[in-house]
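Engineer: Got a predicted structure plus its sequence, pasted below:
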Amino acid sequence: MARLERVVRMSVEQPLWRALTAYRVLTLIYAVLLAGFRDKTYDRPWVAIAFLAVMSIWTLATLPRVAGAASCTKRFLGIDLTIALTGILLTPLADFSAQHVDGPTLPSIWTAGSVLAFALKGGWRWAAFASTLVAAANIVERGEPSRDTFHNVLLVWVASIAIGYVVEVARASERTLARALEIEAATRERERLARDIHDSVLQVLAMVQRRGSALGGEAAELGRMAGEQEVALRTLVSSGLVPTTRVSEDTAEGAVVRTVDVDIDDEESGPSECDLRTLLARHAGSRVSFAEPGAPVLLAPAAARELAAAVSAALDNVRVHAGPGAQAWILVEDEPDEVIVTVRDDGPGIPEGRLDQAEGEGRLGVALSIRGRLRDLGGTAELISVPGQGTEVELKVPKVSRGKAGSAR
């Protein structure tokens, strides 16, 4: 069973909503204190007291409404803006001189919180709508608007639209990031499946084709059909097929070694570290020499399995391309920060440009089975080949790997 890597993300808007919640409370306190200091200057103080009482109850009762975009409904925004506009228009009733002297309205800067809620909810267009209504109310309240009135109105209008635009950009960026993460996860899963297919089905079909051609007769026809299916399957290597068993052919001994990869759902139930030597020792034989350190080479189980699979893929390439009489060597080095495994052979080497050609033909053994595995582990795979002097594959894996292999298997 493939494991899904879950990415938990917090919305980029959430800090803005929390800031708006704090802003509404602080500006409510400011408006109440400001009215208290001006209590003796009001011609009708009961108007100011009644409005501030309503505004206070509304603000405190609706704090959960401004906790996020989902709870901040259109109905709430409409009522909230109506209260702000009502407070602005009631100011001349509480203070007869309000139209002649520049001073704060009853809701004061609390009004900006209502406009900002529109900006966070619907972007710059909603912000422009709300701030325009607030501007109109302020102009009506002043009767003959002054330069300070226009300055304050313009400041709220520009600030709210700018915040609304920033919110829209943040939402678009978040959607783009989410889509990129989905594509990355899907790409990694396709590469993992492609590696498993290369290590199993494609190698079996290639083996059938070679054996059928060698036996001749009806077996040759079966080999030809297997070759056609191999070509067809290579074109579908990234379609998301389910991996089965892992089969490799030892042409020197004339035997088929079959290994089944068991998927583990709970990594924590197994050992925390695995000795890489035990996974690589099975490759040792008359044609493969294995050199290992005297002490255990410990890696995370998932990293050890993927590294061993990359070594197996490199040896498969030796068997297929270096000839039946080729000799291979495996050298394991346990460094303080990384593990280095070198696979070398004495075959004819790889002609220049052959790997690029093979990848273009859909033969992705080196690209996926080796380099792809090492890349997912945070390591590297370097291939050095000189025609006539063999090939050397150097695999490096950090002791603390990314763990992506574990999440994918």
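Structural biologist: Arrived safely, thanks for sending.
Engineer: residue closest to the middle of this structure?
Structural biologist: The centroid of the chain falls nearest to L181 when counting by CA atoms, centre = their mean (3.2 Å).
Engineer: May I ask which helix or strand encompasses that residue?
Structural biologist: Assigned by DSSP states H and E, L181 belongs to helix 147-199.
Engineer: Kindly report the same for R277.
Structural biologist: helix 276-280.
Engineer: Against which helices or strands is that helix packed?
Structural biologist: helix 301-321, strand 328-334, strand 338-345 (3 or more CB pairs under 8 Å, 6 or more residues apart in numbering; DSSP states H and E). All C-beta atoms are positioned from the backbone trio N, CA, C, and that covers glycine.
Engineer: Now mean pLDDT, mean neighbour count and distance to W124 too, for those, in TSV please.
Structural biologist: Shown next, in TSV, are the helices and strands packed on helix 276-280 (pLDDT from 0 to 100; neighbours: other CB atoms under 10 Å; distance: least, CB to CB, whole Å):
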stretch	mean pLDDT	mean neighbour count	distance to W124
helix 301-321	85	23	47
strand 328-334	91	18	59
strand 338-345	92	21	51
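Engineer: Ranking helices and strands of the chain by mean pLDDT, which lands last?
Structural biologist: Ranked by mean pLDDT, DSSP states H and E, the weakest helix or strand in the chain is strand 255-259, scoring a mean of 35.
Engineer: right, and L276 touches L299 too?
Structural biologist: Yes - with contacts counted by CB atoms under 8 Å, L276 reaches L299, the gap being 5.5 Å.
Engineer: shared neighbours of those two, anything?
Structural biologist: Residues touching both L276 and L299 by CB atoms under 8 Å, 6 or more residues apart in numbering: 307, 339.
Engineer: sorry, back to before: of all the helices and strands packed on helix 276-280, which lies closest to T132?
Structural biologist: helix 301-321 (58.4 Å; CB to CB).
Engineer: Reformat the helices and strands packed on helix 276-280 into TSV and put distance to R18 next to each item.
Structural biologist: Below are those laid out as TSV (distance: least, CB to CB, whole Å):
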stretch	distance to R18
helix 301-321	39
strand 328-334	49
strand 338-345	43
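Engineer: which one of these lies closest to A291?
Structural biologist: Short answer: strand 328-334, nearest of the helices and strands packed on helix 276-280 by CB to CB, at 4.8 Å.
Engineer: so where's the stretch 201-350 of the chain shaky on pLDDT?
Structural biologist: 201-206, 209, 224, 226-271 (pLDDT under 70).
Engineer: make it 50
Structural biologist: Scanning the stretch 201-350 of the chain with the threshold set as pLDDT under 50 gives 238-269.
Engineer: ditto for the stretch 1-150 of the chain
Structural biologist: 1-9.
Engineer: ok so, going back, now do the helix holding L181 against helix 301-321, angle only.
Structural biologist: 50 degrees (axes from the mean of the first three to the mean of the last three CA atoms, to 10 degrees).
Engineer: Point out the other helices and strands that helix 147-199 packs with.
Structural biologist: So helix 147-199, by 3+ CB pairs under 8 Å, 6+ apart, packs with helix 110-122, helix 124-142, strand 246-250, helix 301-321, helix 373-376, helix 404-408.
Engineer: Quick check: what element follows the helix holding R277 along the chain?
Structural biologist: Heading C-terminal from helix 276-280 (DSSP H and E), you reach strand 288-291.
Engineer: Give me the packing partners of the helix or strand that that next one is followed by, helices and strands only.
Structural biologist: Downstream of strand 288-291, the first helix or strand assigned by DSSP H and E is strand 298-299. For strand 298-299, the elements it packs on are strand 274-275, judged by 3+ CB pairs under 8 Å, 6+ apart.
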